[in-house]
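Q: have a look; sequence and predicted model below, questions after that.
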Amino acid sequence: MDHGFVRDWDAGSKEPAISRFEGHFHHRPSVKEQISTALYRLKSQQNKLEAAAARMQLHDKEIFNKCVSSQLSHDAARAAMYANECAEVRKMAKVTVQCQMALEQVSLRLETIQEFGDVAGMMAPVANVVQSIKTQISGVMPEVGLELGQIGDLLSGVVDDVGEVTGTSYDSATTNPESSKILDEASAIAEQHVKDRFPELPANGFALSQKTSEPGVSH
């Protein structure tokens with residue numbers, strides 16, 4: 001595929017290919033402007049997720065301390081209740097951190113696209129990751145999921161437009177190896193983050209299954 005047009009993608013370029021491409025956007029912002037907008041909105045959601053993860057860590061600490069106190073008081077029923085609540089908070093925390101890490105990688109990728117203009121080769125995995133994150137975070141922070149859905153639609157629209165101009169099809173709705181890699185890396189970072197920042201729950205006397213005490217995230 002000819003990627004020449006992506007090197008000069010600002011409005012006003014004299015290159016025929018980019019002229020045709022930018023002409024496609026004469027009633028709306030250019031591709032570069034749309035990516036800048038997406039970046040700004042994504043970083044706003046990253047900040048929200050980071051703040052939410054910090055609140056969850058504090059909440060978990062409070063519950064964990066109550067759990068330990070109940071254990072020391074030989075109140076097994078209350079200790080189990082607090083332990084189960086800790087497990088739920090940690091599941092939400094892992095989802096939140098995973099999405100935060102994935103959005104950070106998406107933002108870095110978009111900044112690379114801004115710098116080098118390789119829209120065609122790099123945009124589809126980014127759009128796919130944002131849509132995947134939207135699905136994961138919607139159950140924890142619906143407002144973030146809604147915003148990510150809109151950002152994902154914006155990026156998918158850019159992918160479709162690039163494909164129309166270049167004559168190449170890009171399916172941003174289908175998971176590909178690149179987007180899977182981003183999500184897998186984010187999941188691994190999130191799991192380690194939870195292990196590092198959340199103390200291990202005492203196991204004696206708690207009615208917790210292995211599945212509950214070790215939260216996971218599907219993607």
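A: Structure's in. What do you need?

Q: tell me which element residue 107 falls in.
A: Element membership for residue 107, per DSSP states H and E: helix 76-116.

Q: please put the alpha-carbon coordinates of stretch 81-88 into CSV.
A: Extracted as CSV, the C-alpha positions of stretch 81-88 are listed here (Å, rounded to 0.1, in the frame of the first residue of the first chain):
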residue,chain,number,x,y,z
MET,A,81,-17.9,-10.6,55.2
TYR,A,82,-15.1,-8.0,55.1
ALA,A,83,-12.8,-10.4,53.2
ASN,A,84,-15.5,-11.0,50.6
GLU,A,85,-15.9,-7.2,50.2
CYS,A,86,-12.2,-6.8,49.8
ALA,A,87,-12.2,-9.4,47.1
GLU,A,88,-14.9,-7.5,45.2
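
Q: so what's residue 127 up against?
A: 152, 155-156, 158-159, 172 (CB atoms under 8 Å, 6 or more residues apart in numbering). The C-beta positions use only the backbone N, C-alpha and C, and glycine is treated the same way.

Q: now do 7 Å
A: 152, 155-156, 159, 172 (CB atoms under 7 Å, 6 or more residues apart in numbering).

Q: rebuild those as a markdown table, extending it with neighbour count and pLDDT.
A: Formatted as a markdown table, the contacts of residue 127 follow (neighbours: other CB atoms under 10 Å; pLDDT from 0 to 100):
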| residue | neighbour count | pLDDT |
| --- | --- | --- |
| 152 | 23 | 90 |
| 155 | 25 | 88 |
| 156 | 21 | 85 |
| 159 | 22 | 79 |
| 172 | 24 | 53 |
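
Q: nearest to residue 45 among those residues?
A: Taking CB to CB as the measure, residue 45 sits nearest to residue 152 out of the contacts of residue 127, at 11.2 Å.
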